[in-house]
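Student: 3D model of this:
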Amino acid sequence: MYDFHAARKRSELLMNIRTHFIGKGYLEVSTPTLSPYLIPEPTIKAFGTRFINEFTGSRDLYLIPSPEIFMKKLLAAGSGSIFQISECFRNSEQLGNIHNPEFTMLEYYTVGADDNDSIGITIEMIERTKPEGTDAPWLKEKPLVITMHEAMWKHAGVDMDKAEDIAYLRKEASRLGLEAAEDESWDDTFNRIFLTYTEPALPKDREVYLTEYPDRIACLARNAEGRPTKKRWEMYIAGMEIANCYDEETDKAETERYFSAEYSRMVKERSGTEDIIPPPDPSFPGLSIPPSSGAAMGLDRLLAAHLGLNCIEPLLLFPLSDMLRQ
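Tutor: Residues are numbered from 1 along each chain as shown. Below is the predicted model:
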């Protein structure tokens, strides 16, 4: 059963977002959905396909999990602040509730801004682009900005100043009833604590901006000066992770180090499995990316939050779960 009311609200939301960013001087861009390379992200699994051509030869291509790889090339070429609404794809995702392997993403980069600036940019954008007739209670409350250190201490009793020590983190996991294997990585132990105790306890009556993620979790965000944290945040509404943001890494040597380490990790973790291992883009680490902050937002989830839903399936005209049942 198609929900055309939700379809109209989706159309209105996307139109409002375009109008808002264009009015702020951002350039709307359109980048490829297929790519021969991806940014190495071991926690994200890609869809692969094959390009067949008798003249140029055949090669593997991959559906993008986000347009980041191309949008940063535009930033390096002098595009200025840009945004894009695109379809993105992630394999091995759950079906239903708040996951669909194909989803609609808003990605926006603000040149000259940092991660703190992007909080204000995002709060304003969400308020000014809400579909007409939606008046979700969470929009009436002041957004909460809270550090990971504060959240982990409040909801799990874990001191992030000590958590760099894997022995301390494992001890805390054990205290919380989450036994950690001796060979479990720091990332996995931290994530089990976070996902079991901290994330579910975040307030659900307002936007929540969770800042200062541990620098042990690799990503292309800049390191905070003098602290073992990344200049990065994740945003939640009604318990759903809606967006994430980086103060973008601009150091070429650091980007090259990230590419090498994360690709090696992906090869090691996926060796002997059927999981695809997309090659990393060889030109990406050499990009001269200007100081900027980039954010990515799941628009299916944002629309669900506006409509007071805790599931995105009713908002999709053709959810994959329905197609697989046919």
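Student: which residue ranges form the helices in the stretch 51-200 of the chain?
Tutor: Here the stretch 51-200 of the chain has its helices, by DSSP state H, counting those that start in this stretch, at 68-76, 115-128, 148-156, 166-175, 186-193.
Student: next, format those helices as CSV and append mean pLDDT.
Tutor: Listed next are the helices of the stretch 51-200 of the chain as CSV, based on pLDDT from 0 to 100:
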stretch, mean pLDDT
helix 68-76, 98
helix 115-128, 98
helix 148-156, 98
helix 166-175, 95
helix 186-193, 95
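Student: of all those, which one comes closest to residue 287?
Tutor: helix 68-76 (4.1 Å; Cβ to Cβ). Placement of C-beta: from N, CA and C, glycine included.
Student: residue 6 is nearest to which of the helices of the stretch 51-200 of the chain?
Tutor: It's helix 115-128; of the helices of the stretch 51-200 of the chain, that one is closest to residue 6 (Cβ to Cβ) at 18.2 Å.
Student: neighbouring contacts of the closest one?
Tutor: Applying Cβ atoms under 8 Å, 6 or more residues apart in numbering, the external contacts of helix 115-128 come out as 16-17, 20-21, 108, 110, 113, 139, 143, 145, 207, 209, 211, 221, 231-233, 235, 243, 245-247, 293-295, 297, 302.
Student: now swap in stretch 8-24 and tell me
Tutor: Stretch 8-24 has contacts (Cβ under 8 Å, 6+ apart) with 28, 81, 83, 85, 104, 106, 108, 125, 128-132, 134, 299, 302-303, 306-307, 315.
Student: rerun at 10 Å
Tutor: Identification of contacts with stretch 8-24 by Cβ atoms under 10 Å, 6 or more residues apart in numbering yields 3, 26-28, 81-85, 104, 106, 108, 110, 121, 124-134, 297, 299-300, 302-303, 306-307, 315-317.
Student: just the buried residues from the residues you listed, in PyMOL please.
Tutor: Here is the PyMOL selection string for the buried members of those, based on 16 or more other Cβ atoms under 10 Å:
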select buried, resi 26+81+82+83+84+85+104+106+108+110+121+125+126+129+130+131+297+299+300+302+303+306+307+315+316
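Student: in strands, which of the contacts of stretch 8-24 appear?
Tutor: 27, 28, 82, 83, 84, 85, 104, 106, 108, 110, 297 (DSSP state E).
Student: now the two most distant members of those.
Tutor: Farthest pair in the ones in strands among the contacts of stretch 8-24 (Cβ to Cβ) is 104 and 110. Separation: 20.5 Å.
Student: could you list which residues are in contact with the residue nearest the centre of the chain?
Tutor: With distances taken as Cα atoms, centre = their mean, residue 244 lies nearest the centre of the chain, 4.7 Å away. Listed by Cβ under 10 Å, 6+ apart, the contact set of residue 244 reads 66, 210, 213, 219, 221, 232-235, 294-298.
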